[in-house]
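>>> Any chance you could fold what I've pasted below:
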Amino acid sequence: MTEVAETESVPTPDSPEELKLAAEFPEASREQWRELVAGVLRKSGALDESFDGLPESKLVTRTYDGLEIQPLYTAEDAVEGTGFPGLPPFVRSARPEGAVTTGWDVRARYARRDAKATNAAILADLEGGVSSIWLRAGAHGVPVAELGDALNEVYVDLAPVTLDAGDEYEAAANELFALFAEREIPASAVTATLGADPIGSAARTGTARPLAPAADLAARVAVSHPKVRTIVADGLPFHEAGGSDAQELGAAIAAGVAYLRALTEAGLDVDTAAGQLEFRLAATADQFLTIAKFRAARRLWARVTEVSGGKASGMRQHAVTSPAMLTQRDPWVNMLRTTLACFGAGVGGADAITVLPFDAAIGQPDAFSARIARNTHAVLLEESKLAGVIDPAGGSWYVENLTEDLAKAAWREFTAIEAAGGIEAELASGALAARLAETWEKRSKRLATRRDPITGVSEFPNLTEKTVVRDAVEDLPGGGLPRHRYAEAFEALRDRADAHPSRPRVFLATIGPVAAHTARASFAANLFQAGGIEAVNPGAPEDVIAEFRASGTKIACLCGSNTSYAEEADSVAKALKEAGATSVLLAGKPGDHPDVTGYLYTGCDALEILTGTLNELGVQ
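Take a look at the predicted model:
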């Protein structure tokens, strides 16, 4: 073996025989790629011969912040200045070692009023891999006086507690500190987050809260309990109001700046004040935007702390899988959404991640959904080794550009808030709410037209699914920014249809050869089912009119090829109306058919069609 090793010549990077993996392939150019793209687009009809622009412009997508996502990124798009992990601007990680040695903090949420039930859930989760506790306390959670019962047999020195007590944050903090003292845990060793967030409370309720009490509490805690964070700058109220990623980031950073001012006024220096903050941000199923969001957020905060006169510091981040993206219908799909969101937050470098159980939009999680939520972390951390590399998305030309663009957009939002007097002034005036509502309106239109599809709700719904029943969650105070879920409009239609004495139905009048009408019949059936309407499809009946009369409905939808429509649509539509159809729809692009009352096509307003159909069928 030694002789072979000594005599064989092995090419090295410095040797004349350097290995070139692509040496036998011709070098490709961007122009060649453009020609291929143009050819495909012409075949699909997306590009006509008169088009004289760049063909890839037809493939550009845009986010709700107006950021353009290109179909191709190359070395020409490299972004400079991302730095190194643990060093400013902290894009790549707030810590030099990333999460390689520990993984991220697996944080589970508890929102029950019953202290004993909460305690049982916490103990089960801790045994199953959860590493920290996010506990709602006070008027809308475990009573403050019963925190000890909720944390019975919990080693709070090993499993840090994050409180969410609303306006009762100081009382909850005192109760928690008393528990630490009772268990003889040294103040210097205590790790916790007290969850004071008067700005978040103001956003939720519409009523301003003073920042000074929270700042005074933080000033005391910084001295007595150096590892405890007092304040949370929560981006979820802005996310759930329908805001974009940049709007959420801009508002959260603005809240952080307001807290910095209050903390320094309370006597803390900038660096100590920054150490009192934790930021909470939503992670969505859009994995790349989620990755970019957490990387961009650290860059923004590093800049804020730097210009505030302190050291550029890393942001402590708590990621929560988006409540807005969760569905009540076909909730099992939420497992996939939360897995993608957790993946994005983990790759993006979040310090702590909460995977909301798949039934969180329905009510309190049961033992099974809680187990799936914590096992989502386990698969990504232990089996996929996701935390085994620091900033695994770093160096991706796409991700680096998306991070850069999102950071700039969020900075514009943040500076606009500051120019208007700060986050408190923007909430009081309603200006921020108006911008969030504008984004929600844009999002609603894309949801209604299914350009933003929701699997299991607006796409591939299951009319025979069994209802998932859970205990109700305590209602949180409202009056401020609205809480939206992306599926809410479609699910409201499903609720209407399900409450009707009989399942509302639409007849699919298929015309022409089977091969010609199958695709459009499937498209139409899928659309109607999204509103809880059964699509009666007899296949290829010999007598469409007779089948319609037997269907028991008064609405029909023509399904066929363009050729079939040209030859038969007008006569069949007329015959259907003569047979009692009050409306005749057509699955295809709008055309000149006098007896057709509406059209179903990609990008049509499905919510409008479904609402009109239910109204016409007498479904209240």
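
>>> Tally up the residues packed near Gly53, please.
Per other C-beta atoms under 10 Å, the neighbour tally for Gly53 reads 8. C-beta: built from backbone N, CA, C; applies to glycine.

>>> Revised request: answer the last question for Val37.
Residues near Val37, counting by other C-beta under 10 Å: 18.

>>> Quick check: closest non-adjacent residue to it.
Once flanking residues are discounted, Val37 sits nearest to Pro55: 4.6 Å by C-beta to C-beta, 6 or more residues apart in numbering.

>>> Which residue comes closest to Ala437 once chain neighbours are left out?
Distances taken as C-beta to C-beta, 6+ apart place Gly242 nearest to Ala437, at 6.9 Å, with adjacent residues excluded.

>>> which residues sit in contact with Val399?
Val399 makes contact with 288, 291-292, 295, 393, according to C-beta atoms under 8 Å, 6 or more residues apart in numbering.

>>> Now with 6 Å, please.
In this structure, Val399 makes contact with 291, 393, judged by C-beta atoms under 6 Å, 6 or more residues apart in numbering.

>>> The one 5 residues further on too?
Taking C-beta under 6 Å, 6+ apart as the criterion, Glu404 is in contact with Val79.

>>> distance of it from Val100?
25 Å (C-beta to C-beta, to the nearest Å).

>>> what separates Glu534 from Arg496, distance-wise?
14 Å.

>>> swap in Ala172?
From Ala172 across to Arg496, the span is 41 Å (C-beta to C-beta).

>>> And Thr376, by the same measure?
Separation of Thr376 from Arg496 (C-beta to C-beta) stands at 33 Å.

>>> Settle it for me: which of those two has more neighbours?
With neighbours defined as other C-beta under 10 Å, Thr376 and Arg496 compare such that Thr376 has more, 23 against 18.

>>> element containing the more buried one, please.
Here Thr376, judged by DSSP states H and E, is contained in helix 367-378.

>>> mean confidence for that helix?
Across helix 367-378, pLDDT averages out at 97.

>>> Run through who's touching it.
106, 125, 128-130, 335, 339, 342, 355, 357-359.

>>> Just give the number of residues close to the nearest residue to Ser131 once chain neighbours are set aside.
The shortest distance from Ser131 to any non-neighbouring residue, by C-beta to C-beta, 6+ apart, is to Val106 (4.6 Å). By other C-beta under 10 Å, 24 other residues sit near Val106.

>>> Check which helices and strands the strand or helix carrying Val106 is in contact with.
Counting by DSSP H and E, the element that carries Val106 is strand 105-110. Packing partners of strand 105-110 (3 or more C-beta pairs under 6 Å, 6 or more residues apart in numbering; DSSP states H and E): helix 115-127, strand 132-136, strand 352-354.

>>> what would these look like in CSV with mean pLDDT, mean neighbour count and distance to Trp301?
Putting the helices and strands packed on strand 105-110 into CSV (pLDDT from 0 to 100; neighbours: other C-beta atoms under 10 Å; distance: least, C-beta to C-beta, whole Å) gives the following:
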stretch, mean pLDDT, mean neighbour count, distance to Trp301
helix 115-127, 97, 18, 30
strand 132-136, 98, 23, 21
strand 352-354, 98, 25, 16
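
>>> could I get these as TSV with distance to Val506?
Formatted as TSV, these follow (distance: least, C-beta to C-beta, whole Å):
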stretch	distance to Val506
helix 115-127	44
strand 132-136	44
strand 352-354	41
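
>>> Kindly tell me how buried the closest residue in space to Arg62 that isn't next to it in sequence is, as a neighbour count.
Distance criterion C-beta to C-beta, 6+ apart; nearest residue to Arg62, sequence neighbours excluded, is Glu68 at 5.7 Å. Using other C-beta under 10 Å, Glu68 has 11 other residues around it.

>>> Kindly report the same for the one 5 residues further on.
Other residues within reach of Tyr73, judged by other C-beta under 10 Å, total 17.

>>> again, but for Glu474
12.

>>> The stretch 151-300 of the chain: strands as residue ranges?
161-164, 192-196, 228-234, 277-283 (DSSP state E, counting those that start in this stretch).

>>> Contacts for the third one next, please.
When contacts are defined by C-beta under 6 Å, 6+ apart, strand 228-234 is touched by residues 190, 192-197, 200, 214, 217-218, 221, 252, 255-256, 259, 276-280.

>>> Can I get the buried part of those residues as one PyMOL selection?
One line in PyMOL is enough to select the buried ones among the contacts of strand 228-234; burial here means 16 or more other C-beta atoms under 10 Å:
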select buried, resi 190+192+193+194+195+196+197+200+214+217+218+221+252+255+256+259+276+277+278+279+280
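
>>> Would you enumerate the residues in contact with the nearest residue to Glu265 once chain neighbours are set aside?
Once flanking residues are discounted, Glu265 sits nearest to Ala215: 6.7 Å by C-beta to C-beta, 6+ apart. Applying C-beta under 6 Å, 6+ apart, we find Ala215 in contact with 262-263, 266.

>>> I'd like the residues you listed laid out as JSON lines, including pLDDT, neighbour count and distance to Cys604.
Listed next are the contacts of Ala215 as JSON lines, based on pLDDT from 0 to 100; neighbours: other C-beta atoms under 10 Å; distance: C-beta to C-beta, whole Å:
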{"residue": "Ala262", "pLDDT": "98", "neighbour count": "23", "distance to Cys604": "50"}
{"residue": "Leu263", "pLDDT": "98", "neighbour count": "27", "distance to Cys604": "52"}
{"residue": "Ala266", "pLDDT": "97", "neighbour count": "20", "distance to Cys604": "56"}
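
>>> Just the ones of those in helices?
Cross-referencing the contacts of Ala215 against helices under DSSP state H gives 262-263.

>>> Count residues in the vicinity of the nearest residue to Gly128 once chain neighbours are set aside, would you?
Nearest residue to Gly128, sequence neighbours excluded (C-beta to C-beta, 6+ apart): Arg374, at 5.0 Å. By the measure other C-beta under 10 Å, the count of residues near Arg374 is 20.
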